[in-house]
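# Provided below for reference: sequence and predicted model.
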Amino acid sequence: MKHISVLAAKHLGVIACPANATLLDAARMMDEEDISSIIVVDDTGHLRGILTRTDILRAALERPDDWEQLACPDWMTKDVVTVPPTASLEDAARLLQQKHIHRVVVAEDDGQGLVPLAVVSARDIIYHLVHQR
């Protein structure tokens, strides 16, 4: 795991929604793509946050009458844990354990902000642990 980069372990590309999306927009995208989180980006494609299924459930329980129209930025995690593309899978695994989270965003700084490249989850890491044998 030390020698596998996060990008080698995960195909490039993220499913993202714009920061002005509603929770219903994000939930539909997550359902269509069968993913448990979605990256939230600004108009220039820079990382603004991450929204998870749990965030949407929390909103639906707290605001059952209007959760669909609520804005993603009001419910997403803004302080996203990221790793650079040069990080190893072991680096990502340690961050997951230390921060008690389920995924990290692989992001590259383009001088104007962080551009999300991939999401590496605990599930991805377990897959590589099993299949590298």
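Happy to help now that I have it. Residues are numbered from 1 along each chain as shown.

# Pretty sure V106 sits against S88.
No: counting by C-beta atoms under 8 Å, V106 does not reach S88; the two are 11.5 Å apart. The way it works is simple: take the backbone N, C-alpha and C, and place the C-beta from them, glycine included.

# Overlap in contacts, the two.
Here V106 and S88 have V6 as joint contacts, going by C-beta atoms under 8 Å, 6 or more residues apart in numbering.

# Look at the two and report which has more neighbours.
V106 (25 against 17; other C-beta atoms under 10 Å).

# Could you give the number of residues near T77?
For T77, using other C-beta under 10 Å, the count is 14.

# which one is it nearest to, not counting chain neighbours?
Spatial nearest neighbour of T77, chain neighbours left out: I50 (5.2 Å); criterion: C-beta to C-beta, 6 or more residues apart in numbering.

# before we move on, which element is that neighbour in?
strand 47-52 (DSSP states H and E).

# Do me a favour and average the pLDDT over that strand.
Strand 47-52 comes out with an average pLDDT of 98.

# Lovely, talk soon.
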